Each structure stands twice: as structure tokens, then as C-alpha cells.
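K.L.:
I'll drop the sequence and a predicted model, then ask my questions.
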Amino acid sequence: MLISNLDNDMDTVLVVEDELDIATLIKVNLEELGLRIHHCDDGINALETALSNNFSLVILDVMLPSLGGLDICRKLREAKPEQAIMMLTAKGSEMDRVLGLELGADDYMTKPFSVRELQARVRSQIRKVHVLQQNQSKQSSNSTLLELGTIKINQSTHEVFNGDIQVELTATEFDLLFHLMKYPNQVFSRSQLLESVWGYQHMGYEHTVNSHINRLRAKVEVDAAKPEYIQTVWGVGYKFNLVKKLASVG
């Protein structure tokens, strides 16, 4: 469904939620942030709407009529790699949260949720969209380019290459990789990465970091099961490893 009255200068959020009271709660509180809200209450219509229009953020409930939120997430991520996506899941549905992140969601919240936390999460995602848009509008001569080992990442053009092969990353995956590469060999805890990349700290959301690390490894490592670059420091967190590159110099 093409929405003819979308204002490109105004951030618009697509809220996909079949429970009217929850959808209304989200709408009212996000409008307080100056956002325009478009609501869909079934999955098929939501997917068509998301594919046909440009939204700053799509908020997806998992359980929906006609087409589930996980299927929408997967199809939308395939069609629009940089689309910001947030999942809403039931409090006890850990598998849904993990699957949503593995399928490409940038973040998730569990029901019932804090209105203030919802606003903070949405602000963070919108801010990331704005940074991406600003970076893409810059000239490449002003780019921030990092090259470590075989991986090259350009902050301005939002491009990543592993050797000569371009790697397609979501906006959050890109920010996570850029942050790790910016501080090579420095170990970051999950809570530090949540704060630096997602823009908040909240206990219980470590799956967000873990799933994005797994997705990054699948995209940039030769063997994701034996990562050379994005390494786990057990009991602490993650780092971008430079040992291989330094050993090969000279």
C-alpha cells in the first residue's frame, strides 16, 4: 500500500500491532517525540506497506493475523537491508526474541514494556537513521575509512568490503563493526556495546549484542565458527582482533 501523504522531512514510524490498545499506547507516546505514526493491524498489509514506503522505523509485533512478525522481518530485511526494525515479543517468548534478532531485527522489547524505555529505544533507532543519512550525503573525500586486515569500512558511504567483495550490513551491524574496528584489540562488554552502539543500557538485553555479533561473523568471517576478526573474550565480551594482520606484516 503506497501512502501518498508521507512527508519525507518528517520521521514516520510504521507500527504493526493487532491489539488496538497497545497500538494506541505506542502511537500516543511516540507522537510525543514528534514522530508521525502509521498503523497496520495485519501482517500482509503491513509488509506491502513497509515495502512500498520509506519509514524511519518499523515496529513489529510477533503475533499477527495473516502473516507473522518474524516472516515480515525476514522479508523486509531481504528487500531493504538498511531498514530499522524493532520487534515486540511476549515476556516469556525468549525464542521469538532470539529468532527476531537472528532474522535481522535491530532491537526488541518485551510486553508489557515501559513507555519511557520505548521512547528511549525509538529515539536511539531514529538517531541512527539520521546519522546514516548524514554520512551518506557527505562527499567520499571526507569519509572516515578504516582498513584492518582484509576488511575495509567506509563510514560516509556506509560500505563494507572484505577483500574485493562488498558485504551488505544493516545499519546496526554496520555501527557495531565500525565501533569494534575503531578500537582494535580493545575488549568491550555487552553492556558497553549496548550503550555505545544501541544508545542505552538495560539488563536482560544481552541477546541483542550476541545475535548481532553472530550475524556479523556470518557476513565478514571466512569461517563464522572460527572467527579471526570478531573474537569472544570469555567472561568479558568481544573485540576486533588484529593479531593475524600484524603477524603477516614484513
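P.N.:
The structure has been received and is ready for your questions.
K.L.:
Would you verify that Leu14 is located in a strand?
P.N.:
Yes - membership of Leu14 in a strand is supported by DSSP: H, G, I helix; E, B strand; the rest coil.
K.L.:
show me the contacts for it.
P.N.:
The neighbourhood of Leu14, defined by CB atoms under 8 Å, 6 or more residues apart in numbering, consists of His38, His39, Cys40, Ala46, Thr49, Ala50, Asn53, Phe55, Leu57, Val58, Ile59. For the C-beta atoms, the positions are set from N, CA and C on the backbone; glycine is no exception.
K.L.:
hmm, try it at 7 Å
P.N.:
His38, Cys40, Thr49, Ala50, Phe55, Val58, Ile59 (CB atoms under 7 Å, 6 or more residues apart in numbering).
K.L.:
I'd like these as a markdown table, with distance to Met109 appended.
P.N.:
Below are the contacts of Leu14 laid out as a markdown table (distance: CB to CB, whole Å):
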| residue | distance to Met109 |
| --- | --- |
| His38 | 19 |
| Cys40 | 18 |
| Thr49 | 21 |
| Ala50 | 18 |
| Phe55 | 17 |
| Val58 | 13 |
| Ile59 | 9 |
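K.L.:
Can you report how many residues neighbour His207?
P.N.:
16 (other CB atoms under 10 Å).
K.L.:
all strands in the chain, in order from the N-terminus.
P.N.:
12-16, 36-40, 57-61, 85-90, 107-111, 145-148, 151-154, 159-162, 165-167, 230-233, 237-240 (DSSP state E).
K.L.:
Return the most buried member of these.
P.N.:
Greatest average neighbour count among the strands of the chain goes to strand 57-61 (a mean of 26), per mean count of other CB atoms under 10 Å.
K.L.:
report the longest helix in the protein, please.
P.N.:
Longest helix in the chain, counting residues (DSSP state H): helix 115-137.
K.L.:
could I get that helix in CSV with only the CA atoms?
P.N.:
C-alpha atoms of helix 115-137 as CSV (Å, rounded to 0.1, in the frame of the first residue of the first chain):
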residue,chain,number,x,y,z
VAL,A,115,6.7,3.8,28.0
ARG,A,116,9.9,5.7,28.8
GLU,A,117,12.0,2.8,27.7
LEU,A,118,10.1,2.5,24.5
GLN,A,119,10.7,6.2,23.8
ALA,A,120,14.4,5.9,24.5
ARG,A,121,14.7,2.9,22.3
VAL,A,122,12.9,4.6,19.4
ARG,A,123,14.9,7.8,19.9
SER,A,124,18.1,5.7,19.6
GLN,A,125,16.9,4.0,16.3
ILE,A,126,15.8,7.3,14.8
ARG,A,127,19.1,8.9,15.7
LYS,A,128,21.0,6.1,14.0
VAL,A,129,18.9,6.6,10.9
HIS,A,130,19.7,10.3,10.9
VAL,A,131,23.5,9.6,11.3
LEU,A,132,23.3,7.2,8.4
GLN,A,133,21.6,9.7,6.2
GLN,A,134,24.0,12.4,7.1
ASN,A,135,27.0,10.1,6.4
GLN,A,136,25.6,9.0,3.0
SER,A,137,25.2,12.7,1.9
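K.L.:
which residue is nearest the centroid of the chain?
P.N.:
Residue closest to the mean C-alpha point of the chain, counted by CA atoms, centre = their mean, is Asp106 at 2.6 Å.
K.L.:
Would you map the helices across this structure?
P.N.:
Going by DSSP H, the chain shows helices at 20-31, 43-52, 69-79, 94-102, 115-137, 171-182, 190-193, 206-220, 243-248.
K.L.:
ok now the longest one, how far from the chain's centre?
P.N.:
Here helix 115-137 is found 10 Å from its chain centre; the criterion is CA atoms, centre = their mean, to the nearest Å.
K.L.:
Phi first, then psi, for the residue nearest to the centre of the chain.
P.N.:
Dihedral angles phi and psi of Asp106 (degrees, to the nearest 10) take the values phi -80, psi -30.
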